[in-house]
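S.K.: show me how the following folds:
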Amino acid sequence: MRTFSYNDVGKDKSEALYHAFVLGMMVHLGETYEVRSNRESGYGRYDVMVIPRDKSKGQKGIIIEFKKADRYEEESLDEAVVSALRQIETKQYDAELRAMGISDIVKLGIAFKGKQVKVQSG
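M.R.: As a prediction, this is how the structure comes out:
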């Protein structure tokens, strides 16, 4: 609430701000995980995928989808986070991880409306 404003990059780019913020926090994972952004998997492009480098250790793979609550449709954070998780399932973003032999996959929806954020796993 005190550090940044979604207005720092403009209202049309607010999803990019959250995306970059989360990617920045993941920089330290580089030795044990590969962090990918905006790549194709299944029937679309996920926002962030975290892939264990050593697949023999049984580490979890992670898929993150960001969703901005639609203010014109008065979409709630709850609706937006469910929409993000549904997109991961519908577009089968886990296809790439499964092809690598990773079956323990955490799917995270991150919804936001201004500075309000909701994170939910599915």
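S.K.: mind checking the SS state of the residue in the chain sticking out farthest from the centre?
M.R.: The outermost residue of the chain, judged against the average C-alpha position, is residue 56 (24.3 Å), by CA atoms, centre = their mean. Secondary structure assignment for residue 56 (DSSP: H, G, I helix; E, B strand; the rest coil): helix.
S.K.: would you quantify the distance from it to residue 18?
M.R.: Going from residue 56 to residue 18 by CB to CB, to the nearest Å gives 33 Å. The C-beta positions use only the backbone N, C-alpha and C, and glycine is treated the same way.
S.K.: the most centrally placed residue in the chain bridge partners, please.
M.R.: By CA atoms, centre = their mean, the mean C-alpha position of the chain lies nearest to residue 64, the distance being 2.1 Å. Taking DSSP bridges as the rule, residue 64 bridges to residue 48, residue 108.
S.K.: next, the contact list for it, please.
M.R.: 22, 46, 47, 48, 49, 50, 108, 109, 110 (CB atoms under 8 Å, 6 or more residues apart in numbering).
S.K.: and for residue 32?
M.R.: 52, 53, 54, 59.
S.K.: read off the pLDDT value for it.
M.R.: Looking at residue 32, its pLDDT is 92.
S.K.: do the same with residue 80
M.R.: On pLDDT, residue 80 comes in at 94.
S.K.: one more: residue 2?
M.R.: Value for residue 2, per-residue pLDDT: 53.
S.K.: ok, now residue 106?
M.R.: Taking residue 106 on its own, its pLDDT is 97.
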